[in-house]
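Novice: need the 3D shape of this:
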Amino acid sequence: MHKTNVTALLDGARFNAFHARVLLWCALIIIFDGYDLVIYGVVLPSLMAEWGLSALQAGALGSCALVGMMIGALFFGSISDRIGRRKTIAFCVTLFSGVTALNGLASSPEMFGLCRFIAGLGIGGVMPNVVALMNEYSPQRSRSTLVAVMFSGYSLGGMLSAGLGIVLIPQWGWQSVFYVAAIPLLLLPLLIRQLPESMDYLLRSGQTARAQRILAQAAAGYRPAADEQLQQGGAARASVSIAELFREGRTLSTLMLWLAFFCCLLMVYALSSWLPKLMNSAGYGLDSSLSFLLVLNAGAIIGAIGGGWLGDRVGLGKVLFGFFICGALALSLLAFKAPLVVLYLLVAMAGACTIGTQILANACAVQYYPAQVRSTGLGWAMGIGRTGAIIGPLLGGALHASGLPLQASFLAFALPGLVGALAVLVFLWRGSRAAQLVALSPKP
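Specialist: Residues are numbered from 1 along each chain as shown. The predicted model follows:
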């Protein structure tokens with residue numbers, strides 16, 4: 001019987017129409033995922049004015065979706081390794097798009113918070129699965145770049161959310177930006193038909209014929225054979241339990257990944273939730289305040305794509321360390337008065353080195369773990385990291401309510417960047433010592 005190493009075939013493939021199709025659909029999912037998530041920062045000034053929310057109440061309301069995301073990442077990240085990524089992704093898209101659209105009908109903070117929590121389940125669940133699927137089918141030579149390009153859709157979604165907020169809110173109120181979230185439901189039939197199932201899941205579930213058809217599209221030189229046995233390049237286990245994340249010397253690296261995710265997500269969601277309101281309090285009008293959110297996400301796209309390109313050449317771990325340091329520096333400098341142009345540049349740099357860092361951290365996590373626990377590993381990293389995301393809006397609300405100067409908020413947001421850099425240093429040291437993390441080594 002002829003044995004075919006599936007991992008080697010997919011790693012050595014050249015980018016073709018199949019990869020472009022996977023990239024397109026995964027990026028579209030992440031665009032609307034990002035839209036649905038960033039939307040809270042867009043409507044926050046309007047909600048505080050309409051419902052008379054205090055800063056602490058607004059921070060707690062902003063954390064509702066993030067609690068849902070934490071639960072969703074933990075649950076759907078693990079369950080997809082059992083039922084398949086395509087079914088899980090389709091369900092999560094339906095959940096977050098449908099409920100976010102319903103969010104526009106909320107007539108009270110309580111109803112708004114409940115809808116945000118339920119939508120958060122889908123938002124958190126779809127991320128680890130889409131990233132893992134893109135990573136699985138990307139050629140090795142461009143894997144970090146493709147995952148970063150795909151996940152930069154999050155920032156495109158954030159820009160779309162802020163841009164539509166500038167146009168729609170003055171005319172039709174804050175509810176109008178939520179109704180736009182229903183668009184992915186119209187694309188769902190195409191998504192289900194076009195998105196491939198995970199190769200690892202197909203092999204574990206014995207669906208050899210489907211796996212061969214996908215391989216024929218992904219690897220141009222591959223031809224199916226009747227007596228062929230497809231197998232993963234590494235030793236696969238049937239178990240996809242959480243304990244797998246701590247086996248084979250992965251304990252310290254897993255803990256450091258969790259800490260890095262925690263710090264990065266705290267910075268990302270503190271900024272995404274409170275940047276427009278902070279700038280509004282500093283004297284900028286609503287349109288100007290939302291424009292800072294646009295710049296933040298534009299910087300994130302540049303950071304993610306540029307960081308992915310660098311990661312394919314010098315190693316993702318080194319890039320992550322540099323981004324954490326630069327993010328902390330940019331946020332610290334925002335604490336000082338500067339001309340408007342310099343302010344925009346610092347906000348763009350903060351976006352590149354916070355949101356962009358998180359995108360690269362996702363790629364780093366899926367490249368670190370073996371295929372059979374990839375979604376579980378990323379799901380738990382994002383799930384644990386969501387505690388930082390939950391704290392971010394609460395921290396922003398507490399700082400805003402305390403009456404401290406605006407500068408104190410930015411300095412507080414910068415501190416996690418230094419802790420994250422330290423976590424990446426330990427992760428790099430452990431990965432180098434154990435010689436386990438291929439993504440941290442320069443590619444030839």
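
Novice: for residue 131, see how far away residue 154 is.
Specialist: 10 Å (C-beta to C-beta, to the nearest Å). Quick note: C-beta positions are derived from backbone N, CA and C, even for glycine.

Novice: which other helices and strands contact the helix or strand harbouring residue 361?
Specialist: Here residue 361, judged by DSSP states H and E, is contained in helix 340-368. If you count contacts as 3 or more C-beta pairs under 8 Å, 6 or more residues apart in numbering; DSSP states H and E, helix 340-368 packs onto helix 109-137, helix 143-151, helix 153-172, helix 251-281, helix 286-314, helix 316-333, helix 374-401, helix 406-434.

Novice: give me that answer again for 6 Å
Specialist: On a contact count with 3 or more C-beta pairs under 6 Å, 6 or more residues apart in numbering; DSSP states H and E, helix 340-368 meets helix 109-137, helix 143-151, helix 251-281, helix 286-314, helix 316-333, helix 374-401.

Novice: got the angle for it vs helix 251-281?
Specialist: Interaxial angle of helix 340-368 relative to helix 251-281 (axes from the mean of the first three to the mean of the last three C-alpha atoms, to 10 degrees): 160 degrees.

Novice: re the thing from before, the more surrounded of residue 154 and residue 131?
Specialist: Comparing residue 154 with residue 131 by other C-beta atoms under 10 Å, the one with more neighbours is residue 154, at 29 against 26.

Novice: number of nearby residues for the residue nearest to the more buried one when sequence neighbours are not counted?
Specialist: Distances taken as C-beta to C-beta, 6 or more residues apart in numbering place residue 34 nearest to residue 154, at 3.6 Å, with adjacent residues excluded. For residue 34, the tally of surrounding residues (other C-beta under 10 Å) stands at 27.

Novice: about what we covered before: out of the helices and strands packed on helix 340-368, deepest packed?
Specialist: Among these, ranked by average contacts under mean count of other C-beta atoms under 10 Å, first place goes to helix 143-151 (a mean of 27).

Novice: measure the nearest residue to residue 257 once chain neighbours are set aside to residue 395 for me?
Specialist: Among residues not flanking residue 257 along the chain, residue 381 sits closest, at 5.1 Å (C-beta to C-beta, 6+ apart). Separation of residue 381 from residue 395 (C-beta to C-beta): 21 Å.

Novice: also residue 162?
Specialist: Per C-beta to C-beta, residue 162 is found 22 Å from residue 395.

Novice: average pLDDT across the helix or strand hosting residue 33?
Specialist: If you go by DSSP H and E, residue 33 is part of helix 17-51. Averaged across helix 17-51, pLDDT comes to 88.

Novice: now the angle from the helix or strand that that helix is followed by to helix 109-137?
Specialist: Sequence order places helix 55-83 as the next helix or strand after helix 17-51, per DSSP H and E. Helix 55-83 and helix 109-137 meet at an angle of 40 degrees, taking the same axes, to 10 degrees as the criterion.

Novice: residues in contact with the residue nearest to residue 257?
Specialist: By C-beta atoms under 6 Å, 6 or more residues apart in numbering, residue 381 lies in contact with 257, 258, 261, 365.

Novice: any low-confidence regions in the stretch 151-300 of the chain?
Specialist: Per-residue confidence for the stretch 151-300 of the chain (pLDDT under 70) gives these ranges: 226-227, 232-241, 282-289.

Novice: make it 80
Specialist: Applying pLDDT under 80 to the stretch 151-300 of the chain flags the ranges 151-152, 220-242, 244, 247-249, 272-290, 293.

Novice: from residue 359, how far out is residue 425?
Specialist: Distance, residue 425 to residue 359, by C-beta to C-beta: 20 Å.

Novice: looking at those two, which has the bigger crowd around it?
Specialist: Shown here are residue 425 and residue 359; by other C-beta under 10 Å, residue 359 has more neighbours (30 against 16).

Novice: surely the more buried one meets residue 149?
Specialist: No: taking C-beta atoms under 6 Å as the definition, residue 359 is not a contact partner of residue 149, at 9.4 Å.

Novice: please enumerate the shared neighbours of the two.
Specialist: With C-beta under 6 Å, 6+ apart, residue 359 and residue 149 have no common neighbours.

Novice: and stretch 72-81, how far from the chain's centre?
Specialist: What separates the centre of stretch 72-81 from the centre of its chain is 15 Å, taken as C-alpha atoms, centre = their mean, to the nearest Å.

Novice: mean confidence score for that stretch?
Specialist: The average pLDDT within stretch 72-81 is 78.

Novice: what does stretch 376-395 give?
Specialist: Averaging pLDDT along stretch 376-395 yields 82.
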